[in-house]
Every structure is written in structure tokens, then in C-alpha cells.
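Novice: 3D model of this:
(one chain, ligands or ions: 2)
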Amino acid sequence: MTLSATEREIIENSIRDVKDFPKPGIVFKDITTLLNNAKAYGVLMNHLYQRYKEYNLDYIAGIDARGFIFAASLAQMLGVGFVPIRKKGKLPYTTISEKYSLEYGVDEVEIHIDAFSEISNAKVLLIDDLIATGGTANAAAKLINQAGASCVEACFLIALDFLDGQKNLKEITNVYSLIEVK
Ligand SMILES: O=P(O)(O)OC[C@H]1O[C@H](OP(=O)(O)OP(=O)(O)O)[C@H](O)[C@@H]1O
Ligand SMILES: Nc1ncnc2[nH]cnc12
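Specialist: Numbers count the residues shown, from 1 in each chain. Ligands and ions are numbered 1, 2, ... in the order given. Okay, here's the model as predicted:
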């Protein structure tokens, strides 16, 4: 199931472009204008619910920080657990971590080692608001696999297609992006 033209228009029109943030030349996709628009947020979450209710998911994992919002909302709607994948140093219990490349330098994400321990071979949907180079999502999927679960799909609200991030998602077979920015 994919978005209807009307749903796409409502969601797309609710996302604000902010030029030159956080630095000159970047057009930042601001989702706060979607979140404070109850109709657009509702259309988005209802679409995600309709798509994923047939997947028999065990958990939804969300990426720090904006991915948490959509992942936690959907987990509640589907009646499954939510698992945060956080930037280094934020999770309190024993973690597994994975480094990934940024445009300049490296960053690191972490997951709790026992995040999926209640269910063996758990089926996990990974959600983030946006894919740029794909480095963050690929590292997140690695962590899901290392924690003993399986990343059955990665879902992004926005894909910056001009950065071709999907080619870096070596750990992820199925990818679903709602809004593609050419
Ligand atoms: O595909 P990539 O090149 O890895 O970039 C995508 C990531 O960048 C943004 O998060 P950011 O690191 O800015 O964190 P935030 O959500 O805390 O603002 C976005 O929310 C993704 O998580
Ligand atoms: N253009 C962009 N807008 C919002 N978040 C981003 N993360 C990386 N690039 C981004």
C-alpha cells in the first residue's frame, strides 16, 4: 500500500523547507510543521498504520531524535513495543554500538543489548524521518541484526534522492520512502 495523491499532497504541503540551515546551501526539511498540523500528522500515521498492520511486526525501532516521534506513535497504534536507537552515550544499560561516516568525520549509534530479548528472531520495522546519505539508517539496521532481531523494512518519511542514500543501505533489503525529494 502506497500513498494516494491526496494523502501525499497533504503531507508534502505540511513539511517546511528552511533554506541555509544548519549551514549555507542546505535546504532543511522541517517536520515540526507537520507535527503541529493534526490533520497532516493524522493522515501520515493512518497511512503507516494501514500499510504496516499486515506485517506482523514485533517491534518498531526509531532513530534519535526525530525518528522517535513517528516510530513511537506507530508502535502504540499497532500494539507493539518501541525501541530507541540513540546517539552514543545516551542509553543507560549495556549497549551495542556502531560507527558510521558523516560528510566529515564519524558518528556512533547505540541500542540496548536486550532490546529484543523477549521475542526470538523478532521482526522489526526501522523508522526515521529522513534519509540523506543513508549512513545512520544502515548503522541502525546493523544494530538491530546484532541484537538478534531482523530488520524487515526501513521506512522514511522523506528521502533526499539526490544524495542516493539508498545505495548505502547494505544491511536493509526493503525500503519504503513516502516523499522523494529529487
Ligand atoms: O542519512 P544520513 O546522512 O545518515 O542522515 C540522516 C539523519 O540525519 C538526521 O538526523 P540528525 O543526525 O540531524 O539528528 P536529529 O534527528 O537529532 O536532528 C535525520 O533525522 C536522520 O536521522
Ligand atoms: N536536508 C535535511 N533536512 C532535514 N534533516 C536532514 N538531515 C540531513 N539532511 C537533512
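
Novice: So which elements touch the longest helix along the chain?
Specialist: Longest helix in the chain, counting residues (DSSP state H): helix 38-52. When contacts are defined as 3 or more Cβ pairs under 8 Å, 6 or more residues apart in numbering; DSSP states H and E, helix 38-52 sits against helix 5-14, helix 32-35, helix 66-78, strand 150-160, strand 175-181. Backbone N, C-alpha and C define where each C-beta goes, glycine included.

Novice: rerun that using 10 Å as the cut-off
Specialist: Helix 38-52 sits against helix 5-14, helix 32-35, helix 66-78, strand 123-131, strand 150-160, strand 175-181, with contacts defined as 3 or more Cβ pairs under 10 Å, 6 or more residues apart in numbering; DSSP states H and E.

Novice: Give me the distance between the two termini of stretch 164-180.
Specialist: Start-to-end span of stretch 164-180 (Cα to Cα, to the nearest Å) is 11 Å.

Novice: List the buried residues in stretch 162-171.
Specialist: Gly165, Gln166, Asn168, Leu169, Glu171 (16 or more other Cβ atoms under 10 Å).

Novice: In terms of helix, strand or coil, where does the second one fall?
Specialist: Counting by DSSP: H, G, I helix; E, B strand; the rest coil, the backbone at Gln166 sits in helix.

Novice: residue contacts, it?
Specialist: Gln166 makes contact with Ile131, Gly134, Ala137, Asn138, Ala154, Phe156, Ala159, Ile172, Val175, Ser177, according to Cβ atoms under 10 Å, 6 or more residues apart in numbering.

Novice: Check those residues one by one and keep those near ligand 1.
Specialist: Ile131, Gly134, Ala137 (Cβ under 6 Å from any ligand atom).

Novice: Near ligand 2, which residues of this protein? Just list them.
Specialist: Ile26, Val27, Phe28, Lys29, Leu130, Ala132.

Novice: what are the bridge partners for the residue nearest to the spatial centre of the chain, then?
Specialist: When Cα atoms, centre = their mean is applied to the chain, the residue found nearest the centroid is Asp128 (1.6 Å). Beta bridges link Asp128 to Phe156, judged by DSSP bridges.

Novice: After the longest helix of the chain, which helix or strand is next?
Specialist: strand 59-63 (DSSP states H and E).

Novice: ok, that following strand near ligand 1 or not?
Specialist: Yes - contact of strand 59-63 with ligand 1 (Cβ under 6 Å from any ligand atom) involves Ile63.

Novice: Send me that strand as PDB with only the CA atoms.
Specialist: C-alpha atoms of strand 59-63 as PDB (Å, rounded to 0.1, in the frame of the first residue of the first chain):
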ATOM      1  CA  TYR A  59       8.800  -4.100  17.400                       C
ATOM      2  CA  ILE A  60       9.300  -0.700  15.800                       C
ATOM      3  CA  ALA A  61      12.700   0.900  16.200                       C
ATOM      4  CA  GLY A  62      13.200   4.600  15.800                       C
ATOM      5  CA  ILE A  63      16.300   6.700  15.200                       C
END
